[in-house]
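K.L.:
Provide a 3D model corresponding to the input given below.
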Amino acid sequence: MDILPPALIAQATFTTIDMVMSRYPVSDEAKQRLKPNMSPEQGVAVLQQDGLERDAIQLTAHFLPVMPCIRWGYNQISGREGLPDDQQHLVELVREWLASPNETIRIRLQQLADRTGLDNSCAWLAYAVFWCGTGSIVAPDLPVVLPPDNMVGHAVNAAILLYLCGM
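P.N.:
You can find the predicted model right below:
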């Protein structure tokens with residue numbers, strides 16, 4: 001599958017998938033095929049070989065570091081034509097944030113994603129940026145709350161799967 005090139009998978013931050021599999025709910029089908037001591041490359045290969053592409057995408061989204069994961073989501077979604085203006089604006093802001101990460105864009109992406117609704121891939125990609133771990137995820141007048149470290153993986157997984165469904 002072109003969406004999972006070997007160079008992307010080689011950026012894994014884990015040497016085995018046992019730690020990765022604790023970061024998200026693994027499907028029953030994937031659990032039957034994956035062994036905790038497999039490398040990320042082996043895990044993705046087994047899932048793809050058995051036709052479990054969605055599981056391979058989810059595994060990848062959870063073993064990549066934050067920036068490569070968001071960039072992967074952006075690279076998939078940014079080429080899509082015919083996006084509504086509000087979704088296209090989200091994609092453009094993600095591109096700006098990837099070029100120069102800053103809090104203003106991170107917060108703006110969350111606000112615009114909420115307006116757009118979470119029924120599209122662009123909003124989930126925006127949330128991946130919002131949950132990147134560089135700032136609080138609650139109102140500015142509250143004590144700082146950082147997102148759990150698996151939220152970027154969840155959001156990029158949702159973004160790519162919605163993109164593949166044409167949303």
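K.L.:
can you give me the helices in this protein?
P.N.:
In the chain, the segments counted as helices under DSSP state H are 6-9, 18-21, 28-33, 40-49, 53-63, 66-77, 85-99, 103-116, 121-130, 151-164.
K.L.:
With respect to burial, which of these scores highest?
P.N.:
helix 121-130 (a mean of 28; mean count of other CB atoms under 10 Å). (Each C-beta comes from the backbone N, C-alpha and C, glycine too.)
K.L.:
Please save the CA atoms from that helix in PDB.
P.N.:
Extracted C-alpha coordinates of helix 121-130, given in PDB (Å, rounded to 0.1, in the frame of the first residue of the first chain):
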ATOM      1  CA  SER A 121     -10.200  14.100   7.800                       C
ATOM      2  CA  CYS A 122      -9.000  17.700   7.900                       C
ATOM      3  CA  ALA A 123     -10.500  18.400  11.300                       C
ATOM      4  CA  TRP A 124      -8.900  15.300  12.700                       C
ATOM      5  CA  LEU A 125      -5.500  16.400  11.300                       C
ATOM      6  CA  ALA A 126      -6.000  19.700  12.900                       C
ATOM      7  CA  TYR A 127      -6.700  18.000  16.200                       C
ATOM      8  CA  ALA A 128      -3.500  16.000  15.800                       C
ATOM      9  CA  VAL A 129      -1.600  19.300  15.800                       C
ATOM     10  CA  PHE A 130      -3.600  20.600  18.800                       C
END
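K.L.:
before we move on, the earlier item: now the helices of the chain in CSV, with distance to residue 142?
P.N.:
Putting the helices of the chain into CSV (distance: least, CB to CB, whole Å) gives the following:
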stretch, distance to residue 142
helix 6-9, 36
helix 18-21, 31
helix 28-33, 37
helix 40-49, 36
helix 53-63, 28
helix 66-77, 23
helix 85-99, 23
helix 103-116, 14
helix 121-130, 15
helix 151-164, 18
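K.L.:
what does the domain assignment say about the chain?
P.N.:
Listed by automatic domain parsing, the domain ranges of the chain are 6-63, 66-164.
K.L.:
Take the ones you listed and write them to JSON lines, including mean pLDDT.
P.N.:
Below are those laid out as JSON lines (pLDDT from 0 to 100):
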{"stretch": "domain 6-63", "mean pLDDT": "95"}
{"stretch": "domain 66-164", "mean pLDDT": "96"}
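K.L.:
hmm, back to that, how about the helices of the chain, which one is nearest residue 139?
P.N.:
For residue 139, the closest of the helices of the chain is helix 103-116, at 10.5 Å, according to CB to CB.
K.L.:
who does that closest one touch, helix- and strand-wise?
P.N.:
Secondary-structure packing of helix 103-116 (3 or more CB pairs under 8 Å, 6 or more residues apart in numbering; DSSP states H and E): helix 85-99, helix 121-130.
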